[in-house]
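**Student:** Kindly return the folded structure for what I paste below:
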Amino acid sequence: MIEARDLVHRYGDARAVDGVSLTVDDGEFLVLAGANGSGKTTLVRHFNGLLTPDGGEVLVDGTPATEDPVAARTRVGMVFQNPRDCFVAATVGADVAFGPENLGLDRAEIDRRVDEALAAVDMAGRRDDRIGSLSGGEQARVAIAGALAMEPAHLVLDEPFAGLDDPARRSVLDRLAALHDGGTGVVVVTHDLRDVGTLADRIVALADGRVAVDAPPDGAAAELSGVDVRVPW
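**Tutor:** Here you go, the predicted structure:
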C-alpha cells in the first residue's frame, strides 16, 4: 500500500503539492489526472522516494519511502514520460536486467525475471535487439518490462501514451489491463482520460497541487468538468 499523509513539496516559494493525503491500495488501478502543472508528477515521484517531502510523508507498506528508498523502489516501479529516460543499456535484455542485477540476485533469477517481464509486454525473444532500433511503442513496452523485472507491487506510469500512435497506445493499454488482472497495482498519470478511464477502479484529479476529485469513474464524471483534463464522456 502507498499512503501519502499531508504531503507538501515546494519549488522555491510555490507549492507543487499542497497537503495531499491519498492511499493507493494493493492491486488498485488508479488514474491520477490533472492539467499540466497540477502536481501529478511531483506527487508520484514521492511514491518511491525519488523526491524528499518538504512536509508530511509517503509510506510504502508502512515504512516512510525516504527511510528505505531501496525497498520503496522495489515495491513501486516507475516508468517516466519519455521511455528513453529509463534506459541504461544498449540492448533490450541488458536494460531490463539492470534493476535485478542491482538487487544482487543470482544469474538464474535475473534471467527468469527478464524473460517473464519481456513476455508480459509481448517482447519475448527480443533480448538482443538494440533499443535504438525499436519503435516508440516498443520502447514504451521495454520501459514497462524494466520496471516489472523488479517485481513491484505497484507500477506507476507518467503520461505513458504521449507520442504513441493508436496501435502502440492500444498495445500498452492491453498490457496494463493484463497486469492489473494479474494483481499488479497500476497508477497512470495523465491529463487525458480517453485511454484509461474505463480501466480505472478510481480516478483522482489534482488542481493546484491539491486533490480536487477522488471517486470511482462513474462518480468522477460530473466532478471532472471543473478540472482541466480531457475526458471520454
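**Student:** From now on I want contacts and neighbour counts done on CA atoms only, so please keep to that.
**Tutor:** Will do.
**Student:** Show me what counts as buried in the helix or strand containing residue 173.
**Tutor:** Secondary-structure element containing residue 173, defined by DSSP states H and E: helix 166-181. Going by neighbour count (16 or more other Cα atoms under 10 Å), the buried part of helix 166-181 is 168-169, 171-173, 175-177, 179-180.
**Student:** tell me the average confidence for that helix?
**Tutor:** Per-region confidence: helix 166-181 scores 85 on mean pLDDT.
**Student:** any idea of the angle the helix or strand that comes right after it forms with helix 166-181?
**Tutor:** Next in sequence after helix 166-181, counting helices and strands by DSSP H and E, comes strand 185-190. Following axes from the mean of the first three to the mean of the last three Cα atoms, to 10 degrees, one obtains 150 degrees for the angle between strand 185-190 and helix 166-181.
**Student:** any low-confidence regions in this structure?
**Tutor:** By pLDDT under 70, the weakly predicted segments of the chain are 226, 228-233.
**Student:** for it, what spans make up the helices?
**Tutor:** If DSSP state H is used as the criterion, the helices of the chain fall at 40-44, 69-75, 92-102, 107-120, 136-148, 166-181, 217-223.
**Student:** Determine how far the first one lies from the middle of the whole chain.
**Tutor:** Chain-centre distance of helix 40-44: 10 Å, with Cα atoms, centre = their mean, to the nearest Å.
**Student:** For that helix, name the packing helices and strands.
**Tutor:** Contacts of helix 40-44 with other secondary structure elements, assessed using 3 or more Cα pairs under 8 Å, 6 or more residues apart in numbering; DSSP states H and E, are made with strand 14-24.
**Student:** and if you look at the longest one?
**Tutor:** When contacts are defined as 3+ Cα pairs under 8 Å, 6+ apart, helix 166-181 sits against helix 136-148, strand 185-190.
**Student:** Out of the ones you listed, the one nearest residue 106 is which?
**Tutor:** If you check each of the helices and strands packed on helix 166-181 against residue 106 by Cα to Cα, helix 136-148 wins as the nearest, at 17.1 Å.
**Student:** Okay, angle between the closest one and helix 166-181 too, please.
**Tutor:** For the pair helix 136-148 and helix 166-181, the angle between their directions (the same axes, to 10 degrees) equals 20 degrees.
**Student:** what does helix 136-148 rub up against?
**Tutor:** With contacts defined as Cα atoms under 8 Å, 6 or more residues apart in numbering, helix 136-148 is touched by 77-79, 83-84, 86-87, 92, 95-99, 114, 117-118, 120-121, 123, 131, 155, 160, 163-165, 168-169, 171-172.
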